[in-house]
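S.K.: please find the sequence and the predicted model below.
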Amino acid sequence: MKMEYVPTVCPYCSCGCGIYLVVKDGKIIGQEPWKDHPVNEGKNCPKGKNAYQFLYAEDRLKTPLVRKNGVLEETSWEEALDLIATRLKEATPETFGLLASGKNTNEDAYVLQKFTRVVMGTNNVEYCGRLCHSPSAAGLGPTVGAGVMETSEIDIERADCIFLAGVNLKETFPLMTMRVLRAKEKGAQVIVMDPRNTATARYLGDIHLQLRPGTDAAVLNAMMSIILDEGLENEEFIASRTAGIEELRQHLSSLDLKELEEISGVPLETIREAAIAYATAETGCVLYDQGLNQHATGSDNVKALASLALLAGHYGRPGTGVNPTRGQINGEGTGDMGCLNVFYPGFKRVSEDVAKIFEEAWGVDNLPTKPGFPYTVMLQKVKFLYVVGTNPMMAAPDVNNVRKALQDIDFLVVQDIFPTETAQLAHVVLPAATWVEREGTHAWVDRRVQKIDKVVDPPGEAKPDWWVVCQLAERMGYQDKFDFSSPREIFEEIRRCVPQYAGITYERLGHTIGGIQWPCPSEDHPGTPTMFVQKFNTPDGLGHFQAIDYKPPAELPDEEYPYVLTTGRSIFHYHTGTMTRRTPKLNAEVPRGFVQVNPADAAREGIRSGDAVTLETRRGHIEAQARISTDAPSGLLFVPFHFAESCANVLTNPALDPACKMPEYKVCAVRMEVKR
Ligand code: SF4
């Protein structure tokens, strides 16, 4: 049989880079760059260059498994689905919860939330977006009206000042680096705000705001103070498009810049340099991620960042805005589809009125009207948990506590592609089809909806998530509400229920390289690369300044735990490593967990590079290999969160942001000891 070259999109981060798969005899045997794809122009990072190998890993789940006498045993789909339906009938709206994933397609995610709301009668549906960008919704919502990327990622190269706030772009969104480099070639200045001297700070940064972890609001307040003190605010923009400047001005005038310098550890002169560079730029672009978000003050940090952009008038034009860089292939879309405890599809906030809209759309009564449990709370509260494509046993904070909760749960179903750390605890495990084994759409970082076609069959008896959920709904008496025979049919319902997607069709996506960016209200609409051009999405159309106080992290170092621990990513791995740890070339680059230690701290503790080190917090301990590096400043230890044997989230603090329930992954107190 001849070889085929099939275009598709990388399964990893939300950049959404195109690749060609080389297919022979129904199997993917290689891949090639997709030179015409507008996002990546034929370039891919290491993950994208090794995109498909995980599909063929030895331990792919191929058959449903049911726990009998404590052991997971192979069974048929019939038996597994009958058992799940029987057990879920015992659940109440308060005792059931479902966790979806940023790897689900839009169609899968839509059906998952509909099942939770229609069949189970609850808003206890969440996805891993809670753990990465919930502060974006809580912070950008009140400020500009939508927690989404404003600019097209392609237009980043049009900026003449780029502020990378808590995002290690070179490792986490490598292809966006290409845009930043192009902007730099044209003379753009790049500001990096990060406690570590990351590859991004070293290679892209012109100004490095190397702050103490968790002091983002102090730095941002100082920048705004300086802009106002020096009269660099954009008066015309403020007058015509914003509200609340006087309250902000008053708040900032009560702050002491010297105190903010002391809190953050960043010299005032460096903060001034950054403030002037950003405020005086023609086109200022902010990109931010977990470094800013993953704090108990994450939503405040985002509000401060958005207020800074309003002050400078950097909104509403290509290459501007305050842009959340969502992590996963469908990190945006799973949220768009309503896999959030407070939002029905299309970000319609849970309420009686909104429930009525969906009762009419879906032809049902009594949809839930109260918010469900957020992700980490759900893990502790529900008795029947359905986990689809996410891995809380590595991704949630304080994993030892999560294990206790899951071991205690009445009924745990895990639907995934590998026997993840969470699947090991399940009563039923269902094998899922993934990526190019099924058809569906995703929304990438800049609201870019692209379609991925089915290229190969899933292994064994693995099935698409939407099919499994429809089968369960049928067994539970809701066949007529889940009478879908293809993702295309589900997408047609999505178009009716999610106004942002109304004009996007499978046909249009099939003819559009690089996809269509929502909002796209009608079939003759080209999509929206830039948001907020005329007005913001707030009720009055104005951008609302927010006056934010710096609040310290929930747990700081002391005599017992003298270091600060922070967590993050490596370019060679992806989230909890389920796919990349099974990709030999990627795993060979970074095969095990490590801890980055500053040379001065290593000398003090008698640690040499390569030593096994025990890291301990109030929640547990792990072992990791020491890497001595000046990337970490003295007093700070960095651990990537991809590795099961050195699971960073055994250590992390489950303290939550009160507004959005984001855990404080980025700062906790830790001690270390060399093992000899
Ligand atoms: Fe894939 Fe992201 Fe790398 Fe692009 S930058 S190749 S989407 S992992």
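M.R.: It's in.
S.K.: okay, CA-based contacts and neighbour counts for the rest of this
M.R.: Noted.
S.K.: what does the protein put close to the ligand?
M.R.: Within reach of the ligand by CA under 6 Å from any ligand atom, the chain has these residues: 10, 12-17, 44-45, 47-48, 173-175.
S.K.: out of those residues, who's the most crowded?
M.R.: Comparing the residues of the chain next to the ligand by number of neighbours (other CA atoms under 10 Å), G16 comes first, having 31 neighbours.
S.K.: quick one: contacts for it?
M.R.: Counting by CA atoms under 8 Å, 6 or more residues apart in numbering, G16 makes contact with V9, C10, V39, I329, W444, V445.
S.K.: got phi/psi on it?
M.R.: Note on G16: its backbone torsions stand at phi 80, psi 40 [degrees, to the nearest 10].
S.K.: element containing V564?
M.R.: In the assignment (DSSP states H and E), V564 maps to strand 563-568.
S.K.: using PDB, write out every CA atom in that strand.
M.R.: Below are the C-alpha coordinates for strand 563-568, written out as PDB (Å, rounded to 0.1, in the frame of the first residue of the first chain):
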ATOM      1  CA  TYR A 563      13.600  26.900  51.300                       C
ATOM      2  CA  VAL A 564      10.900  28.000  48.900                       C
ATOM      3  CA  LEU A 565       9.700  25.300  46.500                       C
ATOM      4  CA  THR A 566       8.400  26.100  43.100                       C
ATOM      5  CA  THR A 567       7.200  23.800  40.300                       C
ATOM      6  CA  GLY A 568       7.100  24.000  36.500                       C
END
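S.K.: for the helix or strand just after it, buried residues please.
M.R.: Next in sequence after strand 563-568, counting helices and strands by DSSP H and E, comes helix 584-589. For helix 584-589, burial by neighbour count (16 or more other CA atoms under 10 Å) applies to K585, L586, N587.
S.K.: tell me the one of the residues of the chain next to the ligand nearest A669?
M.R.: If you rank the residues of the chain next to the ligand by distance to A669 using CA to CA, F173 comes first, at 28.2 Å.
S.K.: check contacts around the closest residue to the ligand within the chain.
M.R.: Going by CA to the nearest ligand atom, the ligand is nearest to G48 of the chain, at 3.4 Å. Shown in contact with G48 (CA under 8 Å, 6+ apart): C10, P11, Y12, C17, I19.
S.K.: quick check, nearest of these to D465?
M.R.: Nearest to D465 among the contacts of G48, with distances taken as CA to CA, is P11, at 16.3 Å.
S.K.: could you pull out the strands for the stretch 451-600 of the chain?
M.R.: Secondary structure of the stretch 451-600 of the chain by DSSP state E, counting those that start in this stretch: the strands cover 516-517, 543-544, 563-568, 594-597.
S.K.: meant to ask about the stretch 151-300 of the chain, not that
M.R.: For the stretch 151-300 of the chain, applying DSSP E, counting those that start in this stretch gives strands covering 161-165, 189-193, 207-209, 242-243, 284-288.
S.K.: any idea how far Q290 is from the residue nearest to Y574 when sequence neighbours are not counted?
M.R.: The shortest distance from Y574 to any residue other than its chain neighbours is 6.1 Å, reached at T580 (CA to CA, 6 or more residues apart in numbering). T580 sits 20 Å away from Q290, going by CA to CA, to the nearest Å.
S.K.: please apply the same query to I504.
M.R.: 30 Å.
S.K.: ok, now L268?
M.R.: L268 sits 24 Å away from Q290, going by CA to CA.
S.K.: of these two, who's got more company?
M.R.: Remark: of L268 and Q290, Q290 carries more neighbours, 24 against 21, as counted by other CA under 10 Å.
S.K.: is it true that that one touches G166?
M.R.: Yes - assessed by CA atoms under 8 Å, Q290 is found in contact with G166 at 6.1 Å.
S.K.: ok, the spatially closest residue to R569 that is not a sequence neighbour - contacts?
M.R.: Nearest in space to R569, with sequence neighbours left out and distances taken as CA to CA, 6+ apart, is P640 at 5.0 Å. By CA under 8 Å, 6+ apart, the contact list for P640 reads T567, G568, R569, S570, G593, F594, V595, A648.
S.K.: tell me the gap between the strand holding V564 and the middle of its chain.
M.R.: Put simply, strand 563-568 sits 19 Å off its chain's centre (CA atoms, centre = their mean, to the nearest Å).
S.K.: what's the answer for stretch 34-42, then?
M.R.: Using CA atoms, centre = their mean, the offset of stretch 34-42 from its chain centre is 23 Å.
S.K.: next one: stretch 263-273
M.R.: Distance of stretch 263-273 from its chain centroid, counting by CA atoms, centre = their mean, is 29 Å.
S.K.: for it, output the C-alpha coordinates as CSV.
M.R.: Taking Å, rounded to 0.1, in the frame of the first residue of the first chain, the C-alpha atoms of stretch 263-273 are listed here in CSV:
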residue,chain,number,x,y,z
ILE,A,263,8.8,42.8,49.3
SER,A,264,9.6,41.8,45.7
GLY,A,265,13.4,41.8,45.9
VAL,A,266,13.5,43.6,42.5
PRO,A,267,15.6,46.8,42.4
LEU,A,268,13.3,49.8,41.9
GLU,A,269,15.5,50.9,39.0
THR,A,270,14.7,47.7,37.1
ILE,A,271,11.0,48.0,37.8
ARG,A,272,11.2,51.6,36.5
GLU,A,273,13.0,50.5,33.4
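S.K.: the helices in the stretch 551-676 of the chain, which residues?
M.R.: 584-589, 599-605 (DSSP state H, counting those that start in this stretch).
S.K.: do you know how far C520 is from K451?
M.R.: Separation of C520 from K451 (CA to CA) stands at 15 Å.
S.K.: higher neighbour count, these two?
M.R.: Each of C520 and K451 has its neighbours counted (other CA under 10 Å); K451 has more, 25 against 18.
S.K.: these two touch, right, that one and G514?
M.R.: No - at 9.4 Å, K451 and G514 do not qualify as touching, with contact defined as CA under 8 Å.
S.K.: count of neighbours near D549?
M.R.: By the measure other CA under 10 Å, the count of residues near D549 is 16.
S.K.: check M149 too.
M.R.: Neighbours around M149, by other CA under 10 Å: 26.
S.K.: please confirm that it is located within a helix.
M.R.: No - applying DSSP: H, G, I helix; E, B strand; the rest coil, one finds M149 to be coil, outside a helix.
S.K.: dump the residue contacts of it.
M.R.: Here M149 is in contact with G321, V322, N323, P324, T325, V445, D446, R447 (CA under 8 Å, 6+ apart).
S.K.: pLDDT (mean, whole number) over stretch 503-519?
M.R.: The pLDDT scores in stretch 503-519 average 96.
S.K.: starting at the chain centroid, how far to it?
M.R.: Distance, centroid of stretch 503-519 to centroid of chain: 23 Å (CA atoms, centre = their mean).
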